[in-house]
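[1] what would the 3D arrangement of this be:
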Amino acid sequence: MNYFDPYRSELQLVFSEAKRRIAHFPEPFNESGLAYLRKFDVFERESSKNYICYLLPYWINESATIPTDQCRMLSLSNVFSMLYYFLQDDVMDETPAAWKEQLALAHLFHIELEAILRELFAANSPFWNYRQRYVNEWASAVVHEDKHDYFMTDIVRVAKKASPLKLASTGVLLLAGQPEKIANVEELVDYSLVLLQMADDLTDWEDDLTEGNYNCLLSMIHAKRQSVHPLLTKEVESYIYDRGLMTEYCNRSKEVLGFLGNGEIDNAPLLSFSQFTYEGIAGFTNRVEQTRRTLLSGGLDYILSNFQIK
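    Below is the predicted model of the structure:
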């Protein structure tokens with residue numbers, strides 16, 4: 001995992017500092033905040049590994065070369081940004097009874113994010129204009145993704161729910177005095193995020209189907225089916241395991257990976273991470289197709305062995 005291992009010691013410092021800051025939250029938010037962080041701590045065994053969130057500034061810094069302490073602060077800011085936006089997602093998906101503590105904790109995370117960013121960027125820095133744009137992209141994507149079916153109509157917009165994450169890469173380039181690279185890096189990150197969303201949606205489709213969340217895999221199925229009735233679990237399973245949908249889904253992910261490989265900016269760690277993400281989709285697809293071919297072959301063998309000409 002060359003996109004992670006070279007930065008392991010740095011991330012230990014980042015997460016230690018995040019824990020230190022959260023531990024100073026007022027009660028009970030210090031405990032609940034640390035518990036929430038553990039869900040995404042890369043060093044926790046059962047956590048969700050949001051590698052691109054923590055590592056993006058280090059990856060971009062391979063060519064930008066800002067001081068390590070600034071890179072570390074941008075990684076820390078992305079940790080608090082991640083916690084803040086994930087809590088927003090939680091609130092959107094849960095009943096009002098759970099909102100009070102979650103919203104309060106989210107604002108504590110947001111205050112830490114603000115404090116870190118103000119240390120790095122002056123009030124007149126163009127950074128804040130980028131930040132406003134990324135937040136606008138996030139807000140629009142959250143509200144409109146299911147209405148416009150971005151996966152089928154404008155696939156790069158699938159990444160916009162994670163647009164605030166790009167504050168880290170843009171921040172590195174601004175601090176390095178390389179603003180001319182921002183647009184190309186934004187595109188590179190967007191396509192990497194699309195690929196990551198496709199992989200996540202392949203894993204989460206059952207939960208998303210139950211909860212009514214937008215999902216790239218389910219979007220592809222909806223585009224194919226000729227029914228107005230609600231999509232059922234058995235039907236999704238039929239598309240995945242019987243009807244060859246995964247081959248098409250995997251080919252789409254390969255196209256996205258191709259955009260990354262043909263971009264004007266070459267960033268080895270980000271490309272390595274994206275290749276790893278694609279291989280997860282491709283590996284699952286190969287297993288499904290191999291099983292399907294085996295079953296079909298077995299069924300044909302059974303028919304031939306039991307068919308007798310009379």
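[2] below-threshold pLDDT in the protein: ranges please.
    Applying pLDDT under 70 to the chain flags residues 95-98, 297-310.
[3] do a quick rundown of the helices in it.
    Here the chain has its helices, by DSSP state H, at 8-23, 29-38, 51-64, 68-93, 99-120, 127-148, 150-153, 167-175, 182-211, 216-224, 233-241, 245-261, 268-306.
[4] got the angle for the fifth one vs helix 8-23?
    Yep, that's helix 99-120 we're talking about. Relative orientation of helix 99-120 versus helix 8-23 (axes from the mean of the first three to the mean of the last three C-alpha atoms, to 10 degrees): 120 degrees.
[5] which residues touch helix 99-120?
    Identification of contacts with helix 99-120 by C-beta atoms under 8 Å, 6 or more residues apart in numbering yields 21-22, 25, 28-29, 32-33, 36, 70, 73-74, 76-77, 80-81, 83-84, 87-88, 90-91, 94, 127, 131, 167, 171, 175. The C-beta positions use only the backbone N, C-alpha and C, and glycine is treated the same way.
[6] with mean neighbour count as extra columns, can I get the helices of the chain in CSV?
    Conversion of the helices of the chain to CSV gives the following (neighbours: other C-beta atoms under 10 Å):
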stretch, mean neighbour count
helix 8-23, 16
helix 29-38, 17
helix 51-64, 23
helix 68-93, 20
helix 99-120, 16
helix 127-148, 15
helix 150-153, 18
helix 167-175, 25
helix 182-211, 19
helix 216-224, 18
helix 233-241, 15
helix 245-261, 18
helix 268-306, 15
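[7] out of those, the one nearest residue 2 is which?
    Nearest to residue 2 among the helices of the chain is helix 268-306; the distance by C-beta to C-beta comes to 5.5 Å.
[8] chain center to the closest one, what's the gap?
    Taking C-alpha atoms, centre = their mean, to the nearest Å, one finds helix 268-306 lying 24 Å from the centre of the chain it belongs to.
[9] and it, what does it pack onto?
    Counting contacts by 3 or more C-beta pairs under 8 Å, 6 or more residues apart in numbering; DSSP states H and E, helix 268-306 is packed against helix 51-64, helix 182-211, helix 233-241, helix 245-261.
[10] summarise which helices and strands the shortest one is packed against.
    Read that as helix 233-241. Counting by 3+ C-beta pairs under 8 Å, 6+ apart, helix 233-241 packs on helix 182-211, helix 216-224, helix 268-306.
[11] make CSV from these and add distance to residue 13 to it.
    Formatted as CSV, the helices and strands packed on helix 233-241 follow (distance: least, C-beta to C-beta, whole Å):
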stretch, distance to residue 13
helix 182-211, 23
helix 216-224, 35
helix 268-306, 18
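[12] returning to that earlier point: with distance to residue 44 added, can I get the helices of the chain in CSV?
    Below are the helices of the chain laid out as CSV (distance: least, C-beta to C-beta, whole Å):
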stretch, distance to residue 44
helix 8-23, 9
helix 29-38, 5
helix 51-64, 13
helix 68-93, 13
helix 99-120, 18
helix 127-148, 26
helix 150-153, 31
helix 167-175, 21
helix 182-211, 18
helix 216-224, 27
helix 233-241, 30
helix 245-261, 28
helix 268-306, 20
